[in-house]
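Q: this one's structure only:
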């Protein structure tokens, strides 16, 4: 039965016909990477009926069978029905934009696959959402966003709903949606790709990946309507995506942290899946280095109780939904294992791609340590077991913010990471139940100039905020200055053997010093974490060794600091030099700033009442999934004694009753020479009678 359009949709029937087949004259940033010859043939020969985005019509029977038995999908759908959508054009917040698009994907999917009353409920709810999107003057909700980030997320949801519901839409409804997709996505995208002053197509960040995915998926949805324009936009988005997919190379890590990995990898998967389902080929994107292995990043970058290493502007909690496609496409058992309890917004995708193996890293005897050399990141743990009785320890540390492949370092603006912080050498430490050594993570995105790096990448207003500064991280601070944030701090050597996992970074460039001047070694020896720093004779001035904690201080005496949380104890000990001592201070108080132009808001609605003041987040730890809602943060620091060239600090998480020997302190040259901590390191890693949980070799 034909579904009639709501009255407010009928008014779009009178729109003038758009010039669908205006080809783009010039397309910047194209490379020889994607298979453009195959693209041309596939576009000319394309003749599939709807639906074809993410799956073909032939898969519908299987998907419907799976949907009938999915209680989680039913619960997610009912939540969508209960949630009131904000009014389009009301300058919604970033969270509202995302939620609105996600609800449409769910309701449209239910309208397609349900065989009961939910089918009509899903259709009615989807049509209401589509009506609002069609009526909107623009999908670029936040003027401050230069890329297609907001527009792309909306366009993907509308394109999927259009494709999936095509047979249940009236001609008037189809035309209204088609015109909205062209007006709000395809034509602005064509202008953006033509404009050589626009730099987002050349970048390698999450915004570029999401933007290109949104444009490509919209172009695929509209291919039967405007083949020439869509063909050219596919060429442009593929060329740009080819470059941004390179950010996964060589080993799958993501320089913007786990939260932005989730966003980037999700849309990378959607783009490839849509290309393969529509044209029968990813045109080379699926084979880009690092993409198949990118599931290693969420596997290794989160600790035993699920908290991620929240470097850059990332959060400790992140969505693993990108693995829904990755596990299906690349057949990696650990990707499927990470999805075992998934119950998020993208449940429909789990029913589209259900076929994936599942096995835990322990069952597969995977090493407990991983070094991501492409982004100078190391993640170590003593066991894959998560129960507190296994006494798991997790330790992760990073170098600089410039990927190994991004050369020359600062000559091109597209190499700069918007979410980078001055944090080379920073680290986190987890015990069985909590994070002992914390990264403060992101601050409020609406702070004035939060993403203003400065013309040289280091002099903008971003660097006045504590969570962005070197002083706000667990690293060295020299003469109170910030590090240089847009350089490499490369890994010089590493090892991930069973009871001894280690890495050595050259941090020199982050301080504007010649190579080899400032080095940081870090090791997980059994359950002990050792941080060893060396500075050259040319380094002068005041050097502070800093570390942030939120547990309750119990005792602070010279070279030893004790902290407690519930029944668990954390100890920090200075092994070298003799005479160095800890002091516990508080970070500076949070600042508050007036917002001069509400159009520059990132997270809040631009309809926020005037005047607007935005404050830095409180100097508090995260708690129960909420930012800065927990205990106050303390800054444990050591004033580096003058004339001393080596500092070694031992960290003991969950150490109540620990009586083991510390590992020996040896020069970092010995580490790099193949004997990191001497022959006694294995015996030093456990107390008498304590069982060690070894990773398989």
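A: Sure thing, it's come through. Keep in mind it's a predicted model, so treat the numbers as computed, not measured.
Q: Any stretches of this protein with poor pLDDT?
A: Scanning the chain with the threshold set as pLDDT under 70 gives 1-32, 84-93, 405-415, 599, 603, 605-610, 657-658, 678-697.
Q: Could you look up the SS state of the most centrally placed residue in it?
A: With distances taken as C-alpha atoms, centre = their mean, the chain has residue 260 as the residue nearest its mean C-alpha position (2.0 Å). Counting by DSSP: H, G, I helix; E, B strand; the rest coil, the backbone at residue 260 sits in helix.
Q: List the contacts of it.
A: Neighbouring residues of residue 260 by C-beta atoms under 8 Å, 6 or more residues apart in numbering: 205-206, 254, 312-314, 419. All C-beta spots, glycine's among them, are computed from the backbone N, C-alpha and C.
Q: burial measure for residue 207, as a count.
A: Close neighbours of residue 207, defined as other C-beta atoms under 10 Å, add up to 22.
Q: again, but for residue 208
A: By other C-beta under 10 Å, neighbour count at residue 208 equals 27.
Q: tell me the contacts of the nearest residue to it once chain neighbours are set aside?
A: For residue 208, the nearest residue in space outside its immediate sequence neighbours is residue 244; the separation is 4.5 Å by C-beta to C-beta, 6 or more residues apart in numbering. Residues in contact with residue 244, defined by C-beta under 8 Å, 6+ apart, are 203-205, 208-209, 212, 264.
Q: for residue 651, same thing?
A: Contact analysis of residue 651 by C-beta under 8 Å, 6+ apart lists 429, 436-437, 528-531, 570-572.
Q: Recalculate using a threshold of 7 Å.
A: Contact criterion C-beta atoms under 7 Å, 6 or more residues apart in numbering gives 429, 437, 529, 572 as the residues in contact with residue 651.
Q: Let me have those in TSV, extended by neighbour count.
A: Written out in TSV, the entries for the contacts of residue 651 read as follows (neighbours: other C-beta atoms under 10 Å):
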residue	neighbour count
429	25
437	25
529	24
572	24
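Q: Check the gap between the residue nearest to the centre of the chain and residue 427 for me.
A: Remark: distance between residue 260 and residue 427 (C-beta to C-beta, to the nearest Å) = 20 Å.
Q: Determine how far the last residue of stretch 349-367 lies from the first.
A: End-to-end distance of stretch 349-367 (C-alpha to C-alpha, to the nearest Å): 30 Å.
Q: returning to what we had before: out of the contacts of residue 260, who's nearest residue 64?
A: Closest to residue 64 out of the contacts of residue 260 is residue 206 (33.3 Å), distances taken as C-beta to C-beta.
Q: Could you find the closest non-adjacent residue to that closest one?
A: With C-beta to C-beta, 6+ apart as the measure, residue 264 is the residue that lies nearest to residue 206, at 4.0 Å, once sequence neighbours are left out.
Q: starting at the chain centroid, how far to the helix or strand hosting that neighbour?
A: Residue 264 is located in helix 257-279, with elements delineated by DSSP states H and E. Once both centres are worked out by C-alpha atoms, centre = their mean, to the nearest Å, helix 257-279 turns out to sit 13 Å from its chain's centre.
Q: Can you tell me the element residue 495 falls in?
A: Assigning secondary structure by DSSP H and E places residue 495 in strand 491-496.
Q: Would you map the helices across the stretch 351-500 of the chain?
A: Assignment of helices within the stretch 351-500 of the chain using DSSP state H, counting those that start in this stretch yields no ranges at all.
Q: Just the residues contacting whichever strand or helix holds residue 530, thanks.
A: Take DSSP H and E as the rule and residue 530 turns out to sit in strand 528-535. Residues from elsewhere that reach strand 528-535, judged by C-beta under 7 Å, 6+ apart: 395, 429, 476, 517-523, 543, 545, 645-652, 662-663, 665, 668, 685.
Q: so of the residues you listed, which ones are in helices?
A: The subset of the contacts of strand 528-535 located in helices under the criterion DSSP state H comprises residue 668.
Q: just the buried members of the contacts of strand 528-535?
A: For the contacts of strand 528-535, a neighbour count by 16 or more other C-beta atoms under 10 Å gives the buried set as 395, 429, 476, 517-523, 543, 545, 646-652, 662-663, 665, 668, 685.
Q: what's the first-to-last distance across stretch 49-60?
A: For stretch 49-60, the first-to-last residue distance is 13 Å (C-alpha to C-alpha).
Q: coming back round to it: in the sheet, which strands lie alongside the strand holding residue 530, parallel or antiparallel?
A: Partner strands and pairing direction for strand 528-535 (DSSP bridges) are strand 518-525 (antiparallel), strand 646-652 (antiparallel).
Q: thinking again about what came up before, TSV please, covering the contacts of residue 651 and showing distance to residue 129.
A: What follows is the contacts of residue 651, written out as TSV (distance: C-beta to C-beta, whole Å):
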residue	distance to residue 129
429	45
437	44
529	49
572	53
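Q: Which of these fall in strands?
A: Counting by DSSP state E, the members of the contacts of residue 651 that fall within strands are 429, 437, 529, 572.
Q: and which of the residues you listed is nearest to residue 334?
A: Each of the ones in strands among the contacts of residue 651 was checked against residue 334 using C-beta to C-beta; the closest is residue 429, at 23.3 Å.
Q: who does the closest one bridge with?
A: In this structure, residue 429 has the following beta-bridge partners (DSSP bridges): residue 395, residue 437.
Q: Look up how far residue 385 lies from it.
A: Distance, residue 429 to residue 385, by C-beta to C-beta: 17 Å.
Q: what are the pairing partners of the strand holding residue 495, and which direction each?
A: strand 500-506 (antiparallel).
Q: Name the residues that touch the strand it pairs with?
A: Strand 500-506 has contacts (C-beta under 7 Å, 6+ apart) with 369, 371, 376, 378, 380, 397, 399, 425, 489-495, 515-516, 519-525, 668, 671-672, 676-677, 681-682.
Q: hmm, 8 Å instead?
A: Taking contacts as C-beta under 8 Å, 6+ apart, the residues outside strand 500-506 that touch it are 368-369, 371, 376, 378, 380, 397, 399, 424-425, 489-495, 515-516, 518-525, 668, 671-672, 676-677, 681-682, 685.
Q: Buried members of those residues into PyMOL, please.
A: Selecting just the buried residues from those in PyMOL takes one command, with 16+ other C-beta under 10 Å as the test:
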select buried, resi 368+369+371+376+378+380+397+399+424+425+489+490+491+492+493+494+518+519+520+521+522+523+524+525+668+671+672+676+677+681+682+685
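Q: filter the contacts of residue 260 to the buried ones?
A: Once neighbours are counted (16+ other C-beta under 10 Å), the buried part of the contacts of residue 260 comes down to 205-206, 254, 312-314, 419.
Q: Which single one of those residues is nearest to residue 180?
A: Proximity to residue 180 was ranked across the buried ones among the contacts of residue 260 by C-beta to C-beta; first place goes to residue 206, at 25.0 Å.
Q: show me the residues around the closest one that make contact.
A: Residue 206 neighbours (C-beta under 8 Å, 6+ apart): 256, 260, 263-264, 267.
Q: One more: residue 189?
A: Residue 189 makes contacts with 148, 215, 218, 233, 236-237, as judged by C-beta under 8 Å, 6+ apart.
Q: If we use 6 Å, what do you get?
A: 215, 233 (C-beta atoms under 6 Å, 6 or more residues apart in numbering).
Q: Confirm that it sits in a helix.
A: Yes: secondary structure assignment (three-state DSSP) places residue 189 inside a helix.
Q: Could you confirm the residue nearest to residue 208 falls within a helix?
A: Yes: assignment of residue 244 by three-state DSSP places it within a helix.
Q: What's the end-to-end length of stretch 653-665?
A: With C-alpha to C-alpha as the measure, stretch 653-665 spans 19 Å from end to end.
Q: which parts of it are buried?
A: Of the residues in stretch 653-665, those scored as buried under the neighbour-count criterion (16+ other C-beta under 10 Å) are 653-655, 660, 662-665.
Q: hmm, back to that, next, format the contacts of residue 206 as CSV and append distance to residue 153.
A: Conversion of these to CSV gives the following (distance: C-beta to C-beta, whole Å):
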residue, distance to residue 153
256, 17
260, 14
263, 9
264, 13
267, 8
